[in-house]
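Engineer: Pasting the sequence and the predicted coordinates here, then a few questions.
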Amino acid sequence: MKILLAEDDAKLADYVRAGLEEEGHSVEHFSDGRDALTYCLYSPCDLAILDRMMPGMDGVSVVRALRAAGSEMPVIFLTGLADVDNRVEGLAAGGDDYLTKPFHFSELKARIAALTRRVGHAHAEVTKLEVHDLELDLLTRTARRQGQTIDLQTKEFMLLEALMRNPGRVLTRTMLLEKIWNFSFEPNTTVLETHMSRLRAKIDKPFDLPLIHTIRNSGYAIHGPR
């Protein structure tokens, strides 16, 4: 399941993200409410976990904007505001559940499971991704193109998975650094470019049609011929 996590407490965000990814979920993390909203509007997720108080835009405002845009994505609030009025406000704005800090990850996990069942999202997880003639098997963690098996290192696999989960969409450098390396702000690092070059050498170079594209001043995208 693809989960959006909007939380400005870096330590808590790392804890929640690690736990969700261990459960097999794909997690997109943002520390700013406005950035989280923008991502949701253009890259739909299966569920959102929102901090009640964030810079840019608070969680309640994010949910109101999502509901106004027609999004029915389930939302769980994480908050240190435990009084009844705040819970009521969050639920009235369109939130589906409310979890007060501090909390145990096992409780969050149980609430996610209950919520996805309740709203009808308990569908089989996607186990294979396809873009044009490229296949990525998430269970065996193997890639194949035109019948040829492609050997990928861990970070290369994670990069390719992130791109293939969002075919045709631009993933910014910041998004990829945060998702793959948990870097919140590393403007001078070349680790992404180095790994992307290695990935392209395996995915694109041996074949006639390139699938991974650099979007100038924006990021990267994967797609077939247009």
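Structural biologist: Good, I have the coordinates.

Engineer: tell me the domain ranges of the chain?
Structural biologist: Residue ranges for the domains of the chain, per automatic domain parsing: 2-118, 128-222.

Engineer: for the last one, what is the average pLDDT?
Structural biologist: Put plainly, it is domain 128-222. Mean pLDDT, domain 128-222: 90.

Engineer: For that domain, measure first residue to last.
Structural biologist: The first and final residues of domain 128-222 sit 16 Å from each other (C-alpha to C-alpha, to the nearest Å).

Engineer: next one: the longest one
Structural biologist: For domain 2-118, the first-to-last residue distance is 17 Å (C-alpha to C-alpha).

Engineer: related to what we said a few turns ago, which one of the domains of the chain is the most hemmed in?
Structural biologist: Most buried of those, by mean neighbour count (mean count of other C-beta atoms under 10 Å): domain 2-118, with a mean of 17. Every C-beta, even on glycine, is put in place using the N, C-alpha and C of the backbone.

Engineer: Now do the host helix or strand of Ala162: which elements does it pack against?
Structural biologist: Assessed by DSSP states H and E, Ala162 sits inside helix 154-164. The helices and strands touching helix 154-164, judged by 3 or more C-beta pairs under 8 Å, 6 or more residues apart in numbering; DSSP states H and E, are strand 128-131, strand 134-137, helix 173-181, helix 191-203, strand 219-222.

Engineer: just the helices in the protein please.
Structural biologist: 10-22, 33-42, 59-68, 84-92, 105-118, 154-164, 173-181, 191-203 (DSSP state H).

Engineer: Measure how far the third one is from the centre of its chain, please.
Structural biologist: To tie it back to what came earlier, the one meant is helix 59-68. From the chain centre to the centre of helix 59-68 is a distance of 18 Å (C-alpha atoms, centre = their mean, to the nearest Å).

Engineer: now the second one
Structural biologist: If you compare the mean C-alpha spot of helix 33-42 with that of the full chain, they lie 11 Å apart, counting by C-alpha atoms, centre = their mean.
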